[in-house]
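**Q** 3D, please:
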Amino acid sequence: MKLMDRDAALQDLLEKHVFTEWLHDLALIENNFLTRQQAIEEGLIAALESLCQLATVQHEQGRKGDIRYIYISLLRTRVMENRAVYRIDAYDENWFLDEAECAVEWSADFVFEPLFNRMAKLEKLKSDYARKITTMDIEQIQQIEAVKYHLLTVEFLKSQMPAFVASPSLERMPKADICTIFAGEYRDDSEILCRFTRKGEVGEREGEASWIISS
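**A** Predicted coordinates:
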């Protein structure tokens, strides 16, 4: 290999081993999903149901109001540990000022595993660049590449909203007149996965309200 300065070495690494490699991971992710589809889907719904049950208990204890927001958020710090952990939070009308923490965790390793494997290979390849590439460089590349895998995870979450909507735990959970489910990064940019809007008549009995569900 010809002598390179740091910028040239980094560019060479990116062009040869990063820029298009995520495309090859798509087949691996699909295989991961198809091999464990039932367990993956059930794991997500179980986590969401656990959140709803916890929120219901806190509401009954008078610690939390009706749930207005549910956030499913990627934890970047866990990505640095080679773990694809999403935190799922339920908030009442106080939003981030809601003092009663109501959260569970869910793993999306089936999406991120190929990324973590690629980064492990990059860590070994850095020795080919005569110390021009550092572990910190690999960590930064991993955080940038993680965006692609997060977007794939969000698409999976969207596909699972119909199953979650049918969940008895969600039905029992006290909800505000408008309850919105978001996906994104922890307390950062997010997008709407699903929204529940109460459609009921004045004076109807508790529990008789119907819900309009939109995305």
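**Q** show me what contacts the nearest residue to residue 36 once chain neighbours are set aside?
**A** Nearest non-adjacent residue to residue 36, counting by C-beta to C-beta, 6 or more residues apart in numbering: residue 110, 6.3 Å away. All C-beta atoms are positioned from the backbone trio N, CA, C, and that covers glycine. Applying C-beta atoms under 8 Å, 6 or more residues apart in numbering to residue 110 gives the contacts 29, 32-33, 36, 40.
**Q** count of neighbours near the residue lying closest to residue 50 once chain neighbours are set aside?
**A** Nearest residue to residue 50 in three dimensions, chain neighbours excluded: residue 104, at 5.1 Å (C-beta to C-beta, 6+ apart). For residue 104, the neighbour count with other C-beta atoms under 10 Å is 18.
**Q** Residue 104 and residue 54 touch, don't they?
**A** Yes. Under the criterion of C-beta atoms under 8 Å, residue 104 makes contact with residue 54 at 7.1 Å.
**Q** Not counting sequence-adjacent ones, nearest residue to residue 87?
**A** residue 73 (5.0 Å).
**Q** so what does the helix or strand encompassing that neighbour touch, helix or strand wise?
**A** Residue 73 is part of strand 67-74, with elements assigned from DSSP states H and E. In terms of contacts (3 or more C-beta pairs under 8 Å, 6 or more residues apart in numbering; DSSP states H and E), strand 67-74 is packed against helix 37-60, strand 85-91, helix 135-165, strand 175-185, strand 190-199.
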